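Participant: Here is a sequence with its predicted model. Questions after.
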2 protein chains.
Amino acid sequence: MADRLSETFGALADPTRRAILARLTSGEASVTELASPFAMSMPAISKHLKVLERAGLIARGREAQWRPCRLQAGPLHDVAGWVEHYRRFWEQSFDRLDDYLRELKKKDSKDKEKKHVRKQRKG
Amino acid sequence: MADRLSETFGALADPTRRAILARLTSGEASVTELASPFAMSMPAISKHLKVLERAGLIARGREAQWRPCRLQAGPLHDVAGWVEHYRRFWEQSFDRLDDYLRELKKKDSKDKEKKHVRKQRKG
DNA sequence: GGTGTATTTAACCTACTAGTTATTTAACTG
DNA sequence: CAGTTAAATAACTAGTAGGTTAAATACACC
């Protein structure tokens, strides 16, 4: 995975981890608190937290026997920055669908031509 | 992985695949064209394309023996929407960093005062 | 129909992921 | 100190990811 952005996306590619981040938007939480919504063992959660920590998406403190986790949104800023470069492409998508349908129609009529005409280049 | 967002993030968690998407922002391309920048076999690229296709990030046409790929940014819109929920957290963290730096400066000048600094501080 | 080119599929390998249970570490509490 | 609670680590498993080479498929041209 190597690079920062891949690590971030990798960490986000799991619904449990995204749910954990969502939970952390309402404040710090202990590992047990974070684990409680999930039908999953503590070590599993512990591993998810390690992934999030390595990706810089959470930070962990120490308070007696608790390890409170808190959200660190820095990497998400980078994600927002990355995805922003593609904005015009999703905004165009309706036009594109339109183009695509038009293209389909054209192709369709060409196919029909092919049945009569042998060789014909685009242009 | 199951859900749509996980699939999207999973597809984005690879630098080769992100580079392919970036290339596609400048228009359709064949598999060979997409493969050329990478020191990687064609089948490997083919697999990456399959991942991107399954995630709905590209669509593939058919023109003779070529399979031109084009960007489909819909899922990226969802990513943008998801990450947007966290905006206040990264903005807040900058504020915090700012506060921290301001705090440091204040402390710094106090420390210097304590040491009976001869040179006068600005600001 | 044979040949060349573009691309996918098959079979395989290695490494990692996401989960498990059992054990260990760390800190508080009586 | 013994017991309890919070969390991490160890050791294991099944499945998946990302790559390889070799073979198969799809199409165009002569």
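Facilitator: Nice, I can see it. Residues are numbered from 1 along each chain as shown, chains lettered A, B, ... in the order given.

Participant: Show me what from chain A comes close to chain B.
Facilitator: Contact residues (CB under 8 Å from any CB of the partner chain) of chain A with chain B: A:1-3, A:5-7, A:9-10, A:12-15, A:18, A:21-22, A:25, A:71-74, A:76-77, A:79-80, A:82-87, A:89-90, A:92-93, A:100. C-betas here are computed from N, CA, C, even on glycine.

Participant: what about A:E28, how many residues close to it?
Facilitator: Per other CB atoms under 10 Å in any protein chain shown, the neighbour tally for A:E28 reads 16.

Participant: Likewise for the one 4 residues further on?
Facilitator: Using other CB under 10 Å, A:T32 has 11 neighbouring residues.

Participant: Was I right to think it contacts A:M42?
Facilitator: Yes - in this structure, A:T32 is within contact of A:M42 by CB atoms under 8 Å, at 7.5 Å.

Participant: Flag every residue of chain A that's near DNA strand D.
Facilitator: Neighbours of DNA strand D within chain A, by CB under 7 Å from any atom of the strand: A:30-33, A:42-43, A:46-47, A:49-50, A:60, A:65-68, A:119.

Participant: Looking at those residues, which are in helices?
Facilitator: Using DSSP state H, A:31-33, A:42-43, A:46-47, A:49-50 are the members of the residues of chain A next to DNA strand D that sit in helices.

Participant: which of the residues you listed tops the neighbour count?
Facilitator: Among those, the one with the most neighbours (other CB under 10 Å) is A:L49, at 20 neighbours.

Participant: Filter the residues of chain A next to chain B down to the buried ones, PyMOL style.
Facilitator: Here is the PyMOL selection string for the buried members of those, based on 16 or more other CB atoms under 10 Å in any protein chain shown:
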select buried, chain A and resi 5+6+7+9+10+12+13+14+18+21+71+72+73+76+77+79+80+82+83+86+89+90+93
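
Participant: Go through the residues of chain A next to chain B and flag which are in helices.
Facilitator: If you go by DSSP H, the residues of chain A next to chain B have A:5-7, A:9-10, A:12, A:15, A:18, A:21-22, A:74, A:76-77, A:79-80, A:82-84, A:87, A:89-90, A:93, A:100 in helices.

Participant: what about stretch A:55-68, distance to the chain center?
Facilitator: 24 Å (CA atoms, centre = their mean, to the nearest Å).

Participant: Give me the contact status of that stretch with DNA strand C.
Facilitator: Yes - Stretch A:55-68 is in contact with DNA strand C by CB under 7 Å from any atom of the strand, via A:62, A:64-65.
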